[in-house]
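Engineer: got a sequence here, can you model it:
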Amino acid sequence: MRVAHYLVRGTTGRFYVRLKVPRDLQSLLGCKVIKRATATTCARVATACALVMQAGYAQIFAALRNDGMGPELDELLKMLKGKPIRELTLQGVKLPGGVELGRVEINDDRDRVLFQETVRDLLALDPLAAAVEGVVPPSAPRPSRPVGSERSPVPVGITLADAREKYLLGIQGKNVGKTIVQKRKALVDLELFLAGQRKNGRPVLLQELTRLDFADWFLHEQSLGRVITYIANRFSVCVTFLDWAQTSGLYPVGDNPAEGHARVSKQVKKQRAKTHGSQAFSPDQVQRVFDPENFRQLKGDAAKWIPLILLYTGARSNEVARLELEDCREEEGIPIFHFTWLGEHKSLKTDASDRKTPVHPDLIALGLWERVRRLKAAGETKLFPELTFDAKNGPAGRAQHAFSRYLVKLGIKARGGGRVGHHSFRDTVIGALKAKGVHRELREEYTGHELSDRQEHAHAYETEFAPRALAEACHPVLHWGLRLGRSDLGEE
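Structural biologist: Residues are numbered from 1 along each chain as shown. This next block holds a predicted model:
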């Protein structure tokens, strides 16, 4: 928000109103400038206080010019000099543009906010006067409120830290633990930077956030050598946070000061994904990963079965880890994995992730369906009941770390700034299907990949490919020639 020229911020962050005494009255009053404290750190509230001050001293100056040194003037001078500005009571306040108010009382924060709103609505009748006062821009006058409609004042004084905790508490059920940690870190880093900028030892207030603050933070993030995509993700968190604050009434509705600072072009995103994203395994690396002598190093059913299922489905590791036994069934004689929202601890990335993927015959031959029957007989409900389903990185987190350590032992690493791991199987499967000419819609539906250029009506009216059609198109391509046996998976 633009701060009016007659407002001065002190070292404590509080605003002072600075009024210039007319030349012809300077000798009479014995000063050239009148400076009064507003006892507030909010620029908007300080502007409202300044309007009251200007109106009151305008009465004094007019009375002095007319030799009105009577008891009424003395009382007015005493009131303005002796009382805090938040306790002012004036009669007949006249605003720029000819707008007059009757009795004005400001006793607390609520009164100040209501007075500010009233001034804004009245000045909207005279856009030029509003522009002079710096309340609203002349190109966007605010319509006055209908009589009888009361608007709740925006809470003032909430700190950025308190607002952050309210926000994070409200999104706990919508985000996995890792996402919450990332959002908290971004908002905490913002607060620490702003506190260092202000250097007044007081908490950063939410309503103080301006575009200049975020512009400075962007430059600070760049100075630390962080890449633009990382910075853009952190600013995206701030944009969402301030949208929530505006919806919650904690921040004035209107411009979001965090928007527009960190933009990443599509070209940069594509290039970044190629150089720093997951990299597919080569055919030789696939054979090394699943070589029986090497594969026995992985301990636990989930650590062995999850990468094997990923190799034949191209699914995401947490999708596989969350499978329930009811999701492993047959339809029209075809064994399928049903990746769905239904069930406990379920989470999918997109709508396209909800799909039925035919199970490859190689997995059946390795004893996967015997495993399903054995777990059902034991009263289990999950395909991998030993996993922790409320883990921060999802139930596959432990298996992911074990597989990453396994790749290090094998000497399999990514080229450049990329990475290899569970997600590499997704790129491996999609790449193999594409190389063998499998139609894009078939391979995207098989792996649960979102079609970005599909029209909205297609999502609503198109039917899915039958599991048999997907199996006939994709399974012959995904025959890797592994030498694994049931004994290597403990399914004898």
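
Engineer: any stretches of the protein with poor pLDDT?
Structural biologist: Where the chain drops to pLDDT under 70, the residues are 1-5, 67-157, 173-178, 268-276, 349, 351, 450-463, 492.

Engineer: just the strands in the chain please.
Structural biologist: 7-9, 15-20, 33-37, 89-90, 104-105, 328-331, 334-339, 355-358 (DSSP state E).

Engineer: now for the last one, which elements pack on it?
Structural biologist: Judged by 3 or more Cβ pairs under 8 Å, 6 or more residues apart in numbering; DSSP states H and E, the packing partners of strand 355-358 are strand 334-339, helix 440-447, helix 467-474. Yep, even glycine has a C-beta here, placed from its N, CA and C like the rest.

Engineer: still on that earlier bit, which of the strands of the chain sits most buried?
Structural biologist: Compared across those, strand 355-358 shows the largest average neighbour count, a mean of 23 (mean count of other Cβ atoms under 10 Å).

Engineer: given that strand, what are its sheet partners and their directions?
Structural biologist: Next to strand 355-358 in the sheet, as set by DSSP bridges, lie strand 334-339 (antiparallel).

Engineer: tell me how far the closest residue in space to Gly343 that isn't next to it in sequence lies from Thr381.
Structural biologist: Nearest residue to Gly343 in three dimensions, chain neighbours excluded: Glu324, at 4.8 Å (Cβ to Cβ, 6 or more residues apart in numbering). Per Cβ to Cβ, to the nearest Å, Glu324 is found 6 Å from Thr381.

Engineer: those two: who's more crowded?
Structural biologist: Glu324 (18 against 12; other Cβ atoms under 10 Å).

Engineer: isn't the more buried one right up against Phe384?
Structural biologist: No. Counting by Cβ atoms under 8 Å, no contact exists between Glu324 and Phe384, whose distance comes to 10.0 Å.

Engineer: quick check: bridge partners of Ile336?
Structural biologist: Residues in beta-bridge contact with Ile336 (DSSP bridges): Arg329, Pro358.

Engineer: pull the contacting residues for it.
Structural biologist: By Cβ atoms under 8 Å, 6 or more residues apart in numbering, the contact list for Ile336 reads Cys328, Arg329, Glu330, Lys356, Thr357, Pro358, Val359, Pro467.

Engineer: switch the cut-off to 10 Å
Structural biologist: Applying Cβ atoms under 10 Å, 6 or more residues apart in numbering to Ile336 gives the contacts 327-330, 355-359, 467-468, 470-471.

Engineer: got it, and Asn318?
Structural biologist: Contacts of Asn318 by Cβ under 10 Å, 6+ apart are 176, 306, 345, 347-349, 387, 389, 391, 393-397, 399-400, 422.

Engineer: how about 8 Å then?
Structural biologist: Going by Cβ under 8 Å, 6+ apart, Asn318 touches Ser347, Gly394, Pro395, Ala396.

Engineer: these two touch, right, the third one and His345?
Structural biologist: Yes. Between Pro395 and His345 there is a contact under Cβ under 8 Å: 7.1 Å.

Engineer: those two: who's more crowded?
Structural biologist: Pro395 (24 against 15).

Engineer: how much space between the more buried one and Ser282?
Structural biologist: Distance of Pro395 to Ser282, computed by Cβ to Cβ: 29 Å.

Engineer: ok, the residue nearest to Thr40 when sequence neighbours are not counted - how many residues close by?
Structural biologist: Closest residue to Thr40 apart from its sequence neighbours, by Cβ to Cβ, 6+ apart: Ala46 at 5.5 Å. The tally of other residues near Ala46 (other Cβ under 10 Å) stands at 27.
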